[in-house]
Structure formats: structure tokens, C-alpha cells
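Novice: after the sequence you'll find the predicted model.
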Amino acid sequence: MIISVNGEEKFLNEPPVSINELLVVSEVESPEMVSVLLNGKVIEREKYEDTFIAEHDEVDFLYFMGGGSR
Amino acid sequence: MRNRLFAACNNTMESKDILNIEEKVYTALVNQALSGMPNEVCGYLAEKDGVVIAHYEMRNLDESPEHFTMQPEEQFKAVKDMRQKGLKLRAVYHSHPETPARPSLEDIKLAYDPNLSYVILSLAGEVPDLKSFRIQKGEVSAEDTQIVNNIH
């Protein structure tokens, strides 16, 4: 199954793969702090386990960005 | 598990020893920080051929002089635009209106992305002070910065 992850083509040998599993195999550090965009839609974090990747899906990961000066 | 699922994976690591920023981008960051006073401002820096040539201003959801939070939808939109233009996400930046250009404890705690540089622009002194850092698992290391002539 071919998908796009952060703009790069990837081949998954063993679908189905949930977003959670994709974060694991992608070796994403601190996955609990990652926002996921699936085919242009932001997926709520509590749905990562039950949302599965399909052929030709486009997935993007981005880390939470925040901070403070004090 | 990774090997079983991914038949191919292309990862490249690039040197991040020096953050080169076009002068026009630096000027834009200073202007954004000044116009955003008293609140912190934030955004992404994008590079091409090893030089930051574009910045993407983000809304600070906190609207605070002491904190910033980006909106995920805006983050994704910016990164998609970078891809379309052949740019690469290089760094995240934010301003410190009244404190030095060094990562606060909160900055360090919330620096989750190990692949980016963390740029801080301080307005605490008489002249703006921009510094860049790599922050990985709580370890902070300063990164040289260089303002370069506009090439794009």
C-alpha cells in the first residue's frame, strides 16, 4: 500500500495501519505531542487508534509548537 | 516493526551548525516582533540551499507577553506551502519581548521536535538580539547564526 507521509512516498507492507501504528513505525518521538493531518483534515488525538490509513492517503505529522519567555 | 511495514524510507540528516538567514527575513522578523508588542509573536522559518529565505508568521493563540502557542491548522498550511515552493522547514521562532534571547524552562520543556532549530528574538535590549538553539531531550546547544545578503 502506497501512502504519502510528510510529502514523501512510503510503502506499507502490512495494512491496515492505524495512525498510532504509523507514528510508531515512523519512529516519531513524543507522539502524544504530534498533530496529524489525514487527507487535509486534522484528526483528533483520541481517534488515532481507530483511524486507519488507506491506499494513497496523505498523512502529515507536526509537533505542537509553544513556549514561553518566563 | 518498522522494517516489516516500511519497504523503503529515505531519511537524510543535514548539518545544522549555522543558521543562515537572509537579511530581508531577519528584518521581517524584527518588524513582526515590534508590531506584535507587548505579546510574543511566532512562526516558522523555511530554507532553500542552506539559507532561510522565507518566514511564515503564525498567530499566537495565547495572545500573551509570556507565552505562545501555534494553531495546528496554520502549521500544516505553512508546511504545505513550503513543499509547493521547494522550501524546507528549518526552524521555529518566537519573540521574547522583555527577556533575553535564551530558551526559558517552558521553551525547553515544549521543544518536542528534535529536527528543528529554535530561534528566539529578544527585544529586551536596545537592539534586537536573535539567537538560535538546538534542543533535544532537554539538552540545549547554541547554534551560530548569520545574516546574509538577499539572494532570492
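Specialist: Now that the structure is in, tell me what you want to look at.
Novice: shaky segments in chain B?
Specialist: B:1-16 (pLDDT under 70).
Novice: so where do the helices sit in it?
Specialist: Taking DSSP state H as the criterion, chain B carries its helices at B:2-5, B:23-35, B:72-84, B:105-109.
Novice: wasn't A:Val24 part of a strand?
Specialist: No: secondary structure of A:Val24 (DSSP: H, G, I helix; E, B strand; the rest coil): helix, not part of a strand.
Novice: show the pLDDT at it.
Specialist: Here the pLDDT value assigned to A:Val24 is 91.
Novice: reformat the helices of chain B as CSV; add distance to chain A and mean neighbour count.
Specialist: Using the backbone N, CA and C atoms, a C-beta is placed for each residue, glycine as well. Listed next are the helices of chain B as CSV, based on distance: least, Cβ to the nearest Cβ, whole Å; neighbours: other Cβ atoms under 10 Å in any protein chain shown:
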stretch, distance to chain A, mean neighbour count
helix B:2-5, 5, 12
helix B:23-35, 12, 16
helix B:72-84, 4, 17
helix B:105-109, 4, 16
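Novice: kindly reformat those helices as a markdown table containing distance to B:Gln136.
Specialist: Compiled in a markdown table, the helices of chain B are given as follows (distance: least, Cβ to Cβ, whole Å):
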| stretch | distance to B:Gln136 |
| --- | --- |
| helix B:2-5 | 21 |
| helix B:23-35 | 24 |
| helix B:72-84 | 20 |
| helix B:105-109 | 10 |
